[in-house]
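Colleague: quick one, fold the following:
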Amino acid sequence: MKHSIGIVTIAVALFTTGACNNASQNSKTTNTKDSLTRDSAAACSNYLNKKSFEDTVDGKPTDLYVLKNSSGACAAITNYGGRIVSLIVPDKNGKPTDVAVGFKTLKEYEGPGDAYYGALVGRVGNRIAKGKFSLDGKTYTLFINNGPNSLHGGKKGFQAVVWDAVQPNDTTLTLSYISKDNEEGYPGNLTVHVTYMLGMDNSLKINYTATTDKKTVVNLTNHTYFNLNGEGSGTILNHLVQINADKYTPVDATLIPTGKLDPVVGTPFDFTKPTAIGARIDTVGNIQMKNAGGYDHNFVLNNGGAALHQAAEVTGDQSGIIMDVLTTEPGLQFYIGNFMSGKYQFKSGAADNYRTAFCMETQHFPDAPNQKTFPSIVLEPGQQYNTTTVYKFGVKK
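Modeller: Okay, here's the model as predicted:
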């Protein structure tokens, strides 16, 4: 069985005008590119204090790794939870803009705030009903950490472990982790490798693979919170969203899917055309919006087969930054920061205020082990889990 998650491609436009047919125009274009490269790389490197991420957790060293290229993009990633701490791309005016929200220090990521900012999530992303599932007649019991359910791997999921890190050059970071048999209640020794690669075309590729020595379940994703106007810029409710999904999975009051695949047409979940996030969140009488406190639902992607396909497009209303989401996964969890509280401070100095960031988590469907009609997340010994997703950034023309 093969799955697919992980290409984050950031395609950044370099802003030039006219045909560069003479020396002065060529010089101007080169200077513009050089300036953009310096500004973005400096922003990513200087924005954060590397020493604030150098520590030891569970006896393993933590650090901050900066990926940068000569094309104007950069990403800062810590091996604590494999988190994307900062992701900088130019806006419509060429200004370096950090579109990933996060914290300044490792200690803040370990603190009492939202546990999943920027993190790799596993073994199983999203919820498993009542923290139980069965394989071959044997029932496995997981830690309950979200109402009556298990969420994002349990008490100590992949977001809270230290990954072994190797950075061979400025553009590549490989993270590895072995999840031991019965860790958080899951069967099998699961060996996971995640490689981040920042290409010269400003693509940040995240490649996930996993193998197991015992039949188990796996559903990995990335939980980066985005604000395309830049961290600390305020509400995301005016961002325009289009999702390539004609159906979604409705949930009960504990956010477990009912098992149905309902049409989006005629509901607040119809994003088949570009729509502001906040346009319909106050729809009166919609039980789904009430159950989740807004959008926190899995969308059933059209053409959700093994090939890479477009899942969504989001446009920042102020920055003009466009993010295309492509994936090989069948589902997309769209979440709009309904539980952000304003109690904690991001690296920009802004508070983590209500609905000032959103997530688009590519995935297999929630509670898949207990929903026989949903695509399976079972991984057998001898098989390889392999998953790919793309977050592609450009600007509105």
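
Colleague: need the helices for the stretch 151-300 of the chain, in chain order.
Modeller: If you assign secondary structure with DSSP state H, counting those that start in this stretch, the helices in the stretch 151-300 of the chain sit at 287-292.

Colleague: what are the ranges of the strands in it?
Modeller: Along the stretch 151-300 of the chain, counting by DSSP state E, counting those that start in this stretch, strands occupy 164-169, 172-179, 190-198, 203-212, 216-217, 221-223, 240-243, 245-249, 262-263, 275-276, 296-301.

Colleague: out of the ones you listed, deepest packed?
Modeller: strand 221-223 (a mean of 27; mean count of other CB atoms under 10 Å). Placement of C-beta: from N, CA and C, glycine included.

Colleague: hmm, who's touching it?
Modeller: Residues external to strand 221-223 that are found in contact with it (CB atoms under 8 Å, 6 or more residues apart in numbering): 5-6, 8, 84, 116-122, 125-126, 152, 159, 206, 333, 359, 361-363, 389.

Colleague: if we can go back for a sec, between the strands of the stretch 151-300 of the chain, which gets nearest to residue 380?
Modeller: Counting by CB to CB, residue 380 lies closest to strand 203-212 out of those; the figure is 7.5 Å.

Colleague: by contact count, what packs against the closest one?
Modeller: In terms of contacts (3 or more CB pairs under 8 Å, 6 or more residues apart in numbering; DSSP states H and E), strand 203-212 is packed against strand 7-9, strand 190-198, strand 378-379, strand 385-395.

Colleague: mean pLDDT added to the ones you listed, as JSON lines?
Modeller: Output for the helices and strands packed on strand 203-212, formatted as JSON lines (pLDDT from 0 to 100):
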{"stretch": "strand 7-9", "mean pLDDT": "37"}
{"stretch": "strand 190-198", "mean pLDDT": "92"}
{"stretch": "strand 378-379", "mean pLDDT": "98"}
{"stretch": "strand 385-395", "mean pLDDT": "89"}
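
Colleague: just send those strands back as CSV, with distance to residue 253 too.
Modeller: What follows is these, written out as CSV (distance: least, CB to CB, whole Å):
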stretch, distance to residue 253
strand 7-9, 33
strand 190-198, 32
strand 378-379, 28
strand 385-395, 30
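
Colleague: ok so, going back, go through the contacts of strand 221-223 and flag which are in strands.
Modeller: Counting by DSSP state E, the contacts of strand 221-223 place 8, 84, 119, 120, 121, 206, 333, 359, 361, 362, 363, 389 in strands.

Colleague: for those, pick the one with the most neighbours.
Modeller: residue 120 (30 neighbours; other CB atoms under 10 Å).

Colleague: and the closest residue to it other than its chain neighbours, how far is that from residue 72?
Modeller: Computed as CB to CB, 6 or more residues apart in numbering, the closest residue to residue 120 that is not its neighbour in sequence is residue 82, at 3.6 Å. Distance of residue 82 to residue 72, given as CB to CB, to the nearest Å: 24 Å.

Colleague: ditto for residue 334
Modeller: Noted for residue 334: a distance of 28 Å to residue 72, by CB to CB.
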